[in-house]
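Engineer: What follows is a protein structure lacking sequence information:
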């Protein structure tokens, strides 16, 4: 009898199926399905990088320099009203009486003392070089005689002037008096100085003009008259003028 054929392993006898190649359309489809994932990640990464770049190139806000710091001690404080204020404005410069000992008359209306000068308020000083023509038609040196009259009046006397600064320098205009007699009024009333426009001494000057005193009259030396006006009464300490 013939022997049976030997068994052949199935693995060796069954042929291995060959992998079929994909068509080009399938390759394109597969690549198209997988590409969006990578592209999306790249886009997100690019977007983050662009945002960071935008943040890095954004213009910085303008620098503001801090202003000077003012301490509370130096800061301006609101003015406090005075307790005794009446609501009325105080006049510029309060006048203070100052005594001038033995002043010298530079001219009728201007006094000098210690290199400083005071022009009497309300009058126009008479120029020492002035000449006047009397009612008799003759000229006479009324300016010189006016100065002489004032010098004689002031001789050895101490007067008081109302000034804003007792230590003034140069020339000022002020009201001055001897006792309680205004020196400017004395000059105007005796005709040795004319008054300024609007002066309260206008009435005194008009009185001198009508009476023919001082510069409004004739040369007093021709009639041997004194160039001085009557002296004011002396002040009695117990009964001031």
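Structural biologist: Thanks, I have it. What you see is a predicted model; the values in this text were computed from it and never measured.
Engineer: quick one: low-confidence parts of the protein?
Structural biologist: 1-93, 223-241 (pLDDT under 70).
Engineer: Please spell out which residues along the longest strand seen in it are buried.
Structural biologist: Criterion DSSP state E: the longest strand present in the chain is strand 171-178. Judged by neighbour count using 16 or more other C-beta atoms under 10 Å, the buried positions of strand 171-178 are 174, 175, 176, 177, 178. Backbone N, C-alpha and C define where each C-beta goes, glycine included.
Engineer: go on, stretch 113-132?
Structural biologist: 116-126, 128, 130, 132.
Engineer: Also stretch 156-172?
Structural biologist: 159, 160, 161, 163.
Engineer: Among those residues, which one lies nearest to residue 212?
Structural biologist: residue 159 (27.9 Å; C-beta to C-beta).
Engineer: give me the beta-bridge partners of that closest one?
Structural biologist: residue 100 (DSSP bridges).
Engineer: Quick one: residues contacting it.
Structural biologist: 99, 100, 103, 111, 176, 177, 178, 183 (C-beta atoms under 8 Å, 6 or more residues apart in numbering).
Engineer: Test my guess that the second one contacts residue 117.
Structural biologist: This means residue 100. No - here residue 100 lies out of contact with residue 117, judged by C-beta atoms under 8 Å, at a distance of 10.7 Å.
Engineer: anything in contact with each of those two?
Structural biologist: Contacts common to residue 100 and residue 117, judged by C-beta under 8 Å, 6+ apart, are residue 111.
Engineer: quick revisit: between all of the buried residues of stretch 113-132, which two are at the greatest distance?
Structural biologist: 116 and 132 (29.8 Å).
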